[in-house]
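Visitor: How does the following fold in three dimensions:
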Amino acid sequence: MKLYMSKTSAKNATYALENGQVIYRVDTPLKLGNRVTTIERIAPNHTPNDMHDAFNELAKIEWQVIKSSRINMHGTSKSVSEIFRRGGYGAYGRHRIFAGPDGREYRWKLGNWSSKLCLNDGSKAVVAKYHRPALGFNTGHSRAYLEIFPLGEGIADYILVTFVYIEKLRKDRERASRSGGS
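Guide: Numbers count the residues shown, from 1 in each chain. Sure thing, here's the model as predicted:
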């Protein structure tokens, strides 16, 4: 499944299927201090004459500067330090390992161009991968998208929520390295 992003910012975009059907909406209003990202998922529409999409809240990410950020999902609020543990190094920081709702362990790898999610077992099978937009003479222009492979489709909601968090981390570190920061 490919979820095409309306913008390159993971925390301010809609995520749609190839046919244009929006599946997720992610919004992070500009505000001073700690921000909150709201992630919504399309809700089934059972009214035959109503052609409007309805969305239900899936998760919130409470971004913190001093203490650990929090992810609220399915009525549970956890700090990111409770959800993720660090493991290995990537171009833009430590990879993040977490246990999925299916009981398997996963590893977000923070690459220098994008992030990808793999099973954290001997197979290292790719579960999801972020593709940045391609610009070039031969490639034309393509939109950014999150590709979720069949192995991860059963936990797509969880993949999207953790992707929004991971991609913000990766982009912050990418910006810091371009500006000469740490």
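
Visitor: contacting residues for the residue nearest the centre of the chain?
Guide: Centroid check for the chain by Cα atoms, centre = their mean gives residue 163 as the closest residue, at 2.1 Å. Contact analysis of residue 163 by Cβ atoms under 8 Å, 6 or more residues apart in numbering lists 10, 108, 115, 117, 128, 130, 146. For the C-beta atoms, the positions are set from N, CA and C on the backbone; glycine is no exception.

Visitor: Export the residues you listed to TSV and append columns for pLDDT and distance to residue 169.
Guide: Formatted as TSV, those follow (pLDDT from 0 to 100; distance: Cβ to Cβ, whole Å):
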residue	pLDDT	distance to residue 169
10	90	10
108	93	9
115	89	9
117	95	14
128	97	16
130	94	12
146	96	15
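
Visitor: Restricted to helices, list those.
Guide: In helices, judged by DSSP state H, none of the contacts of residue 163 are found.

Visitor: now, the most widely separated pair of those?
Guide: The largest separation in the contacts of residue 163, counting by Cβ to Cβ, is between 10 and 117 at 13.3 Å.

Visitor: more neighbours, those two?
Guide: residue 117 (28 against 24; other Cβ atoms under 10 Å).
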